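please work out how this folds:
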Amino acid sequence: MLKKHILLFLFYPLITIGQVIPSTDTTIYKSRKGIFEIKYNNNHWIKSDLTSKWDAEFHDTYNLLNAYFIEYDYFVPEKNIKKTLKSQYAEFGKIKNLKIYDKMIHDMKVKYFTCTLDFNNYTYIFQGFLYNGKAGTMQIQFGAQQEAIKQYQVYIDEFCSGITQIKGMKINNNNNNNL
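Have a look, this model is predicted:
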């Protein structure tokens with residue numbers, strides 16, 4: 001009997017190492033339609049209290065990288081994605097090097113994009129995605145000066161990995177031909 005207790009005592013640290021302890025550094029943003037949530041590291045991201053045309057805006061702790069989230073009350077068909085993105089930047093200048101490709105984020109097949117924009121003698125890099133899902137299209141985009149984007153790519157990837165559809169709201173992508 002004593003041998004069993006000693007073995008359990010020896011293996012106890014190995015058992016506890018595998019357990020995930022919830023982080024107090026994580027904050028959850030739930031979208032206005034209640035379809036998506038974004039779990040983000042509040043040591044890296046701050047949700048802005050300012051209101052704009054976007055549902056939610058975030059920035060890194062140094063305010064060098066911005067993230068914008070919105071749910072549209074309509075679908076953006078694949079043939080209109082390029083036009084939609086160009087119109088978003090029209091007041092700031094002409095976007096260049098726009099690339100759109102398919103990417104999987106969790107179980108969502110999204111249209112991921114990257115582009116550049118010259119504005120006031122600075123080059124900005126934007127990237128993000130559009131996803132047609134339940135109740136319309138969701139868009140997230142990130143923007144930073146060219147010099148900052150590479151060092152913040154880890155934050156962008158971290159932010160994207162925290163975007164999920166709320167359970168019970170998932171739809172079958174095979175029935176959604178808009179994207």
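
in stretch 77-95, what counts as buried?
Going by neighbour count (16 or more other Cβ atoms under 10 Å), the buried part of stretch 77-95 is 81, 85, 89, 95. Yep, even glycine has a C-beta here, placed from its N, CA and C like the rest.

ditto for stretch 123-135
Buried residues in stretch 123-135 (16+ other Cβ under 10 Å): 124-133, 135.

quick one: the strands in the protein?
With DSSP state E as the criterion, the chain has strands at 26-30, 36-41, 45-47, 56-60, 65-71, 95-105, 108-119, 122-133, 136-145, 163-165.

can you put the ones you listed in a markdown table and add mean pLDDT?
Putting the strands of the chain into a markdown table (pLDDT from 0 to 100) gives the following:
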| stretch | mean pLDDT |
| --- | --- |
| strand 26-30 | 95 |
| strand 36-41 | 95 |
| strand 45-47 | 95 |
| strand 56-60 | 95 |
| strand 65-71 | 95 |
| strand 95-105 | 95 |
| strand 108-119 | 95 |
| strand 122-133 | 95 |
| strand 136-145 | 95 |
| strand 163-165 | 92 |
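
make JSON lines from those and add distance to Ile156 to it.
What follows is the strands of the chain, written out as JSON lines (distance: least, Cβ to Cβ, whole Å):
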{"stretch": "strand 26-30", "distance to Ile156": "16"}
{"stretch": "strand 36-41", "distance to Ile156": "11"}
{"stretch": "strand 45-47", "distance to Ile156": "10"}
{"stretch": "strand 56-60", "distance to Ile156": "10"}
{"stretch": "strand 65-71", "distance to Ile156": "7"}
{"stretch": "strand 95-105", "distance to Ile156": "11"}
{"stretch": "strand 108-119", "distance to Ile156": "11"}
{"stretch": "strand 122-133", "distance to Ile156": "7"}
{"stretch": "strand 136-145", "distance to Ile156": "5"}
{"stretch": "strand 163-165", "distance to Ile156": "11"}
